Structures are given as C-alpha cells and as structure tokens.
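A.B. asks: Task: produce atomic coordinates for the following.
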Amino acid sequence: MKIRIKGNSLRYRLTKSDIATLVKDGRLQESTAFVNQILTYAVKVKDTEQLKAEFTDNQITLFISESMAQELADTEKVGFSDKGSTLHLLIEKDFTCLDNVEEDQSDNFPNPLAATS
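C.D. replies: Model prediction:
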C-alpha cells in the first residue's frame, strides 16, 4: 500500500494482495518510522456510502465500504474518489510502471496502457 499526500489530496494505491487482505480482514495497515514518532496509515472497511478519512494519534485512516472493496477485488474498476469533502480522497489499484523502476512490482496490477505502447 502506498499513500500520496499533496495539499488537500490523499491518494491510496493498493496492490493485488493489499486488496485481497482488505476484503478478507476488513483492514489494511502499514507504518513509517520516523526518529521520534511513527506514522500509521490504514484502510478500513466501514458501513459508509462514500470515502471518508480521519487523522487521529498519528494515524491516517481511509474508510471504504465493503461493496467498494469487493468491487476493486472482483472487477476491472480502477478505483473510487470523493471530492465532496474538505479532502479529495482517492483509492485505486496500483499499476505497474511503464518506465523501468527498481521497485518490486510483481504484486501490482498490469498497466492497461502497456498494451498500447
């Protein structure tokens, strides 16, 4: 799972196994250790009609409905976004990069643009 934060925009990218874990366990969480604090970021399945996020005790949590999580797992749907709140929230499948990168991308989704290159 990756997060990208820019201004009031919060974007989560999930690999195949991330989505499988989210559907199975209803939660996905990772942490980044700084010198004196830990930042935790998570996605949690919750009874909600739209994406929601909160930041509490050094943890960013994105809430997604069970049906959204299942749709990411079972269909070609790329992701979901919500622009109606203070934050612009986005959760999407993590596709392989078209450029050569050193990062392990074996668990990423095939990039749909790769076929057109």
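
A.B. asks: name the element the residue nearest to Glu54 when sequence neighbours are not counted belongs to?
C.D. replies: Ranked by C-beta to C-beta, 6 or more residues apart in numbering and with sequence neighbours excluded, the top spatial neighbour of Glu54 is Thr61, at 5.4 Å. To be clear about C-beta, it is placed using only N, CA and C from the backbone, and glycine gets the same treatment. Element membership for Thr61, per DSSP states H and E: strand 59-64.

A.B. asks: elements contacting that strand?
C.D. replies: Identification of packing neighbours for strand 59-64 by 3 or more C-beta pairs under 8 Å, 6 or more residues apart in numbering; DSSP states H and E yields strand 9-14, strand 38-45, strand 52-56, strand 88-93.

A.B. asks: what's near enough to touch the residue nearest to Glu54?
C.D. replies: Applying C-beta atoms under 8 Å, 6 or more residues apart in numbering to Thr61 gives the contacts 41-44, 53-55.

A.B. asks: Same list (the residues you listed) but as TSV, adding neighbour count and pLDDT.
C.D. replies: Formatted as TSV, the contacts of Thr61 follow (neighbours: other C-beta atoms under 10 Å; pLDDT from 0 to 100):
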residue	neighbour count	pLDDT
Tyr41	22	98
Ala42	18	98
Val43	27	98
Lys44	18	98
Ala53	19	94
Glu54	11	95
Phe55	12	96
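
A.B. asks: With respect to Ser9, which of these is nearest?
C.D. replies: Ala53 (10.9 Å; C-beta to C-beta).

A.B. asks: Was I right to think the closest one contacts Leu89?
C.D. replies: Yes - at 5.6 Å, Ala53 counts as touching Leu89 under the criterion of C-beta atoms under 8 Å.

A.B. asks: Figure out how far the strand holding Thr61 is from the centre of its chain.
C.D. replies: Averaged C-alpha coordinates place strand 59-64 at 10 Å from its chain's average position (C-alpha atoms, centre = their mean, to the nearest Å).

A.B. asks: now do stretch 20-31
C.D. replies: Centroid separation between stretch 20-31 and its chain, computed with C-alpha atoms, centre = their mean, is 10 Å.

A.B. asks: Now do the buried residues in the strand holding Thr61.
C.D. replies: By 16 or more other C-beta atoms under 10 Å, the buried positions in strand 59-64 come out as 60-64.
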